[in-house]
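Colleague: No sequence on hand, only this structure:
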């Protein structure tokens, strides 16, 4: 057995371990899911004041829909305010926001461009609401989402943040349908991480926070253009509780081209690497439990696995190509190709069966996430689309993020 074979076995074993860990967590908490997925709206006693901050930068086409979705939330009107912050847009976003200047439930502000985190912080500084959150100006929230999330704050005073489930808004392209599968799996994974107290990101679309928390640990930071992830790391560092509300749905616009998806995921992965480096003292630190021993290591393992397997595939392909070139040079093209199936050539190595188990576990997590996101109950044909598409393109942004980290190259500005 070669060193490459040994590394391959280790990588695949660790990948299976992560999925088995999620499965065991699901089995342990499976009796909670009927209550979690209860469609009845929770009753709120003395609902707190909530401020939803909408950071805007060149969002002239979508900002109206975003604000309208907030105003349509099933929540007492006198306890909900919208704070729209134009972060130095160069289009007509400010003119669009001016249409709300006489709306008592909407407050609009204009500031010089400083990045999304500065726009959210500006909103936090300009509200006295007990609960604050952001909603990207290209996302739309379901009417019952806020009530469900506030109920989680009220049921447990130790909860400092609640995250929603994300759904692709009106998917049109095959790429967007593949992303929906990814979001479905993410919902399942995030709920398992919630059970483990190990959530590592509070996504921009409608994560909610107790405002008092920012007084203790500070507000949003630029954090390699992944401020929502860095804040979650900082919360974990301070032992602050993050929950996930499965049936609070937010519909977010997703990239419709490979180029846009590549740019977005490169930012995400690069941000994960850099934030993990910044908070490296949390890795394998017993004080931080599952976040330290599971969430961060599993993310690192995923990146290392893709880098190694991509390099192995590239090496094998080059060796195969050279051998074929030498063969053609020696005997010329052979047009008489005979393909005869023989069971003898079926791969029966352990790694083959372990890989099959890995894919079965992945499909299980996707199917469960699909049910949690109310996207269906059976096998979704888009699962195959996701597995094919992401197997081809995901290694590129992962490898690029690792390369940028190694070479010290900074990410281009997000906006």
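Modeller: All right, it came through fine. All values reported here derive from a predicted model rather than from experimental measurement.
Colleague: Pull the number of nearby residues for residue 390.
Modeller: Residue 390 has 16 neighbouring residues, counting by other Cβ atoms under 10 Å. In this view, the C-beta of every residue, glycine as well, is placed from N, C-alpha and C.
Colleague: next one: residue 375
Modeller: 17.
Colleague: Just give the number of residues close to the closest residue to it other than its chain neighbours.
Modeller: Distances taken as Cβ to Cβ, 6 or more residues apart in numbering put residue 184 closest to residue 375, at 5.9 Å, once the chain neighbours are dropped. Using other Cβ under 10 Å, residue 184 has 30 other residues around it.
Colleague: sec struct for residue 184, please.
Modeller: At residue 184 the chain is in helix, as set by DSSP: H, G, I helix; E, B strand; the rest coil.
Colleague: Local confidence estimate at it?
Modeller: Looking at residue 184, its pLDDT stands at 94.
Colleague: May I ask you to confirm that it is in contact with residue 364?
Modeller: No: look at residue 184 against residue 364 with Cβ atoms under 8 Å: they stay out of range, at 11.9 Å.
Colleague: Show me what the mean pLDDT comes to for stretch 143-158.
Modeller: 96.
Colleague: tell me how far it is from the chain's mean position?
Modeller: Here the centre of stretch 143-158 is set off from its chain's centre by 21 Å, with Cα atoms, centre = their mean, to the nearest Å.
Colleague: which residues touch the residue nearest to residue 375?
Modeller: Residues near residue 184 by Cβ atoms under 8 Å, 6 or more residues apart in numbering: 366, 369-370, 372-373, 375, 380.
Colleague: which two from the residues you listed end up farthest apart in space?
Modeller: 372 and 380 (12.8 Å; Cβ to Cβ).
Colleague: buried stuff in the worst-scoring helix or strand of the chain on mean pLDDT?
Modeller: Within the chain, judged by mean pLDDT, DSSP states H and E, the helix or strand with the poorest mean is helix 296-331; its value is a mean of 84. Counting neighbours by 16 or more other Cβ atoms under 10 Å, one finds that the buried residues in helix 296-331 are 296-299, 301-307, 309.
Colleague: measure the residue nearest the centre of the chain to residue 226 for me?
Modeller: Centre of the chain computed as the mean C-alpha position; nearest residue by Cα atoms, centre = their mean is residue 186, 6.3 Å away. For residue 186, the distance to residue 226 (Cβ to Cβ, to the nearest Å) stands at 15 Å.
Colleague: got it, and residue 128?
Modeller: Using Cβ to Cβ, one obtains 29 Å as the distance from residue 128 to residue 226.
Colleague: So for the two, which residue has more residues nearby?
Modeller: Between residue 128 and residue 226, counted using other Cβ under 10 Å, the more crowded position is residue 226 (26 against 9).
Colleague: picking up where we left off before, next SSE after the least confident helix or strand of the chain?
Modeller: Using DSSP states H and E, the helix or strand that follows helix 296-331 in sequence is helix 350-372.
Colleague: hang on, isn't residue 299 packed against residue 193?
Modeller: No: the criterion here is Cβ under 8 Å, and residue 299 misses it with residue 193 at 11.0 Å.
Colleague: which neighbours do these two share?
Modeller: Joint contacts of residue 299 and residue 193 (Cβ under 8 Å, 6+ apart) are residue 200.
Colleague: got a list of what residue 63 touches?
Modeller: Applying Cβ under 8 Å, 6+ apart, we find residue 63 in contact with 54, 56, 84, 93, 96-97, 137.
Colleague: hang on, the earlier thing: how close does the residue nearest to residue 375 get to residue 329?
Modeller: 49 Å.
Colleague: and if you look at residue 213?
Modeller: Distance of residue 213 to residue 329, computed by Cβ to Cβ: 68 Å.
Colleague: before we move on, the earlier item: for my notes, please list the buried residues of helix 296-331 in JSON lines and give distance to residue 218 for each entry.
Modeller: Below are these laid out as JSON lines (distance: Cβ to Cβ, whole Å):
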{"residue": "296", "distance to residue 218": "21"}
{"residue": "297", "distance to residue 218": "26"}
{"residue": "298", "distance to residue 218": "27"}
{"residue": "299", "distance to residue 218": "24"}
{"residue": "301", "distance to residue 218": "30"}
{"residue": "302", "distance to residue 218": "29"}
{"residue": "303", "distance to residue 218": "28"}
{"residue": "304", "distance to residue 218": "31"}
{"residue": "305", "distance to residue 218": "34"}
{"residue": "306", "distance to residue 218": "33"}
{"residue": "307", "distance to residue 218": "33"}
{"residue": "309", "distance to residue 218": "39"}
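Colleague: Pull the most distant pair out of those.
Modeller: The largest separation in the buried residues of helix 296-331, counting by Cβ to Cβ, is between 296 and 309 at 20.6 Å.
Colleague: Hmm, residue 206 is touching residue 139, no?
Modeller: Yes: contact criterion Cβ under 8 Å: residue 206 and residue 139 qualify, at 7.0 Å.
Colleague: higher neighbour count, those two?
Modeller: Neighbours per residue, other Cβ under 10 Å: of residue 206 and residue 139, the larger number sits with residue 206, 30 against 24.
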